[in-house]
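Asker: fold the following.
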Amino acid sequence: MSSAARRSEGAPELRPVDDYEKFARPLLVVGAAKMSEDFPRRSAAFSALAAIVRVTRTQAVDLLARHYATEALRVRSAAGLRLNAAQALSASKHPGTSKALLGLQDDPDDSVRLTVLHHAAKLGG
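Answerer: From the prediction side, this is the model:
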């Protein structure tokens with residue numbers, strides 16, 4: 001059965017969620033921003049870090065309810081954004097990332113807390 005036929009049977013058409021563009025862009029930027037003696041590049045790295053830290057604070061209420069079929073999906077999407085931000089912090093060599101990541105140790109999502117635990121274990125030895 002074609003996808004058009006399935007949609008005609010009442011299934012909603014899937015489309016990109018605008019919220020991810022808004023919240024995920026800093027995650028893409030941090031991969032390109034590296035510490036450097038060159039001020040503009042160093043400034044970009046600090047700006048990217050600040051943007052990712054903002055993403056780590058994402059809650060379901062920050063995402064538009066109309067984009068989600070259920071509140072549970074909205075909660076899960078917010079947790080996914082925080083997890084992506086935590087993983088970006090964990091992979092980054094920026095000097096401020098450890099402090100920011102360790103601040104997520106009480107996150108409501110177990111995957112985020114596990115990312116923090118893995119990072120703490122790497123720091124410990």
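Asker: for the protein, which helix is longest?
Answerer: Longest helix in the chain, counting residues (DSSP state H): helix 71-91.
Asker: which is the next helix or strand following that one?
Answerer: Heading C-terminal from helix 71-91, the first helix or strand you meet, by DSSP states H and E, is helix 97-102.
Asker: what average pLDDT does that next one get?
Answerer: What helix 97-102 shows for mean pLDDT is 91.
Asker: sort out which residues of the longest helix of the chain are buried, please.
Answerer: In terms of neighbour count (16 or more other C-beta atoms under 10 Å), helix 71-91 has its buried residues at 74-75, 77-90. Backbone N, C-alpha and C define where each C-beta goes, glycine included.
Asker: look up how far residue 97 lies from residue 122.
Answerer: The gap separating residue 122 from residue 97 is 12 Å, by C-beta to C-beta, to the nearest Å.
Asker: just residue 74 next, same as before
Answerer: On the measure of C-beta to C-beta, residue 74 and residue 97 end up 27 Å apart.
Asker: got it, and residue 110?
Answerer: On the measure of C-beta to C-beta, residue 110 and residue 97 end up 21 Å apart.
Asker: more neighbours, the two?
Answerer: residue 97 (20 against 11; other C-beta atoms under 10 Å).
Asker: who touches the closest residue to the more buried one other than its chain neighbours in this structure?
Answerer: Among residues not flanking residue 97 along the chain, residue 89 sits closest, at 4.5 Å (C-beta to C-beta, 6 or more residues apart in numbering). Contacts for residue 89 (C-beta atoms under 8 Å, 6 or more residues apart in numbering) come out as 52, 53, 56, 97, 100, 101, 119.
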